[in-house]
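All I have is the shape, not the residue letters:
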Ligand code: SF4
């Protein structure tokens, strides 16, 4: 039976296949990471998006910081971040992120944000200030940003890129056909445009990165078309992971894609020329992000 991309509050979530069952935390680092984030009053996408890997990542002392508050102006059908009128930006948040990165001893930091469509620059200047603060307090750290689309505003993109992140990540999320049902306001072509511009403006001084969730009902040829579109936009790095329904109000999982199928997609992506590909059921945008070895000027 074909499942449609409509939330169905009365249905049960399907039982997870064995390969997606959670592993328990393995060290005291989990609670100390949580205590640190609480003390510095920071949001992480790990918690806000109910990421299934946050036990593992926090146990390793890594976290993906979410700046600009925990209220998003958009309402994507897959995302557990709260949709509400955002609060004002906190001027000292960049320094608090920098301090958290220092105390966690991070070698690679991932900074993301909710979509701040209420701000004239979409929150780009806040990204720039955070990158600067993290670099100032953590010399040599690799900085990856995972940004919203800024409504494809060139000035916002230039503001973020002016801080010279090493990796500019913007997720395509899903294939072209499913985008209107899965994403809120974002469009497939706009996301490709953001990635294309980021590469064109920064050239070989930056890696661009994107990712898709699989299991939303996409067909193989649609996935391969999306990978080709990303490569045509100059995208260097790719993540492919299994979509999981965060609550019954969110889009249902249409399919649990097998690990071997993820492996096959990964091979196809490498064949298309992506520099680095992470493809597997548990992969998320920043899962094991620090394992990729950069070859860029520091
Ligand atoms: S833009 Fe969509 S995916 Fe990003 S935080 Fe907001 S609701 Fe979630």
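Happy to help now that I have it. Every value quoted in this text rests on a predicted model; they were computed, and no experiment measured them.

Is whichever residue of the stretch 101-250 of the chain sits closest to the ligand in a helix, a strand, or coil?
Nearest residue of the stretch 101-250 of the chain to the ligand: residue 115, at 3.8 Å (CB to the nearest ligand atom). C-beta: built from backbone N, CA, C; applies to glycine. Put simply, residue 115 is coil when judged by DSSP: H, G, I helix; E, B strand; the rest coil.

gap between it and residue 122?
7 Å (CB to CB, to the nearest Å).

Check the contact lists of these two and give me the overlap.
Both residue 115 and residue 122 are in contact with residue 148, where contact means CB atoms under 8 Å, 6 or more residues apart in numbering.

now check stretch 40-58, is it near the ligand?
No - Stretch 40-58 stays clear of the ligand (CB under 6 Å from any ligand atom), getting no nearer than 6.8 Å.

you'd agree residue 117 is up against residue 185?
Yes - with contact defined as CB atoms under 8 Å, residue 117 counts as touching residue 185 (7.4 Å).

Who has more neighbours out of those two?
Taking other CB atoms under 10 Å, residue 117 and residue 185 do not tie; residue 117 has more neighbours (17 against 14).

Please name the residues that touch residue 197.
So residue 197 contacts 152, 154, 157 (CB under 8 Å, 6+ apart).

If we use 6 Å, what do you get?
Shown in contact with residue 197 (CB atoms under 6 Å, 6 or more residues apart in numbering): residue 157.

What is the three-state secondary structure of it?
Residue 197 - assigned by three-state DSSP - is helix.

Then residue 145?
strand.

which residue packs closest to it, ignoring adjacent ones?
Nearest residue to residue 145 in three dimensions, chain neighbours excluded: residue 165, at 4.6 Å (CB to CB, 6 or more residues apart in numbering).

so how far is residue 40 from residue 127?
Using CB to CB, residue 127 is found at 18 Å from residue 40.

Who has more neighbours out of the two?
Taking neighbours as other CB under 10 Å, residue 127 and residue 40 compare with residue 127 leading, 28 against 17.

The ligand contacts on the stretch 51-200 of the chain?
72, 74-76, 79, 81, 114-115, 148, 184.

And stretch 213-226, end to end?
End-to-end distance of stretch 213-226 (CA to CA, to the nearest Å): 12 Å.

And the contacts of it?
Surrounding stretch 213-226, the residues in contact under the criterion CB under 6 Å, 6+ apart are 174-175, 178, 242-243, 253-255, 257.

element containing the closest residue in space to residue 279 that isn't next to it in sequence, please.
Spatial nearest neighbour of residue 279, excluding adjacent residues (CB to CB, 6+ apart): residue 266 at 3.4 Å. Using DSSP states H and E, residue 266 sits in helix 259-272.

Next: residue 213.
Using DSSP H and E, residue 213 sits within strand 207-214.

what does residue 241 give?
strand 237-242.

re earlier: tabulate the residues of the stretch 51-200 of the chain next to the ligand (JSON lines), appending pLDDT and secondary structure.
Shown next, in JSON lines, are those (pLDDT from 0 to 100; DSSP: H, G, I helix; E, B strand; the rest coil):
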{"residue": "72", "pLDDT": "95", "secondary structure": "strand"}
{"residue": "74", "pLDDT": "96", "secondary structure": "coil"}
{"residue": "75", "pLDDT": "95", "secondary structure": "coil"}
{"residue": "76", "pLDDT": "94", "secondary structure": "coil"}
{"residue": "79", "pLDDT": "92", "secondary structure": "coil"}
{"residue": "81", "pLDDT": "92", "secondary structure": "coil"}
{"residue": "114", "pLDDT": "95", "secondary structure": "coil"}
{"residue": "115", "pLDDT": "96", "secondary structure": "coil"}
{"residue": "148", "pLDDT": "97", "secondary structure": "coil"}
{"residue": "184", "pLDDT": "91", "secondary structure": "coil"}
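
Output those as JSON lines; include the columns neighbour count.
Shown next, in JSON lines, are these (neighbours: other CB atoms under 10 Å):
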{"residue": "72", "neighbour count": "23"}
{"residue": "74", "neighbour count": "17"}
{"residue": "75", "neighbour count": "14"}
{"residue": "76", "neighbour count": "19"}
{"residue": "79", "neighbour count": "23"}
{"residue": "81", "neighbour count": "22"}
{"residue": "114", "neighbour count": "25"}
{"residue": "115", "neighbour count": "26"}
{"residue": "148", "neighbour count": "26"}
{"residue": "184", "neighbour count": "16"}
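
The residues you listed: which two are farthest apart?
Using CB to CB, the pair of those lying farthest apart is 75 and 148, separated by 13.1 Å.

Relative to residue 211, how far out is residue 236?
12 Å.
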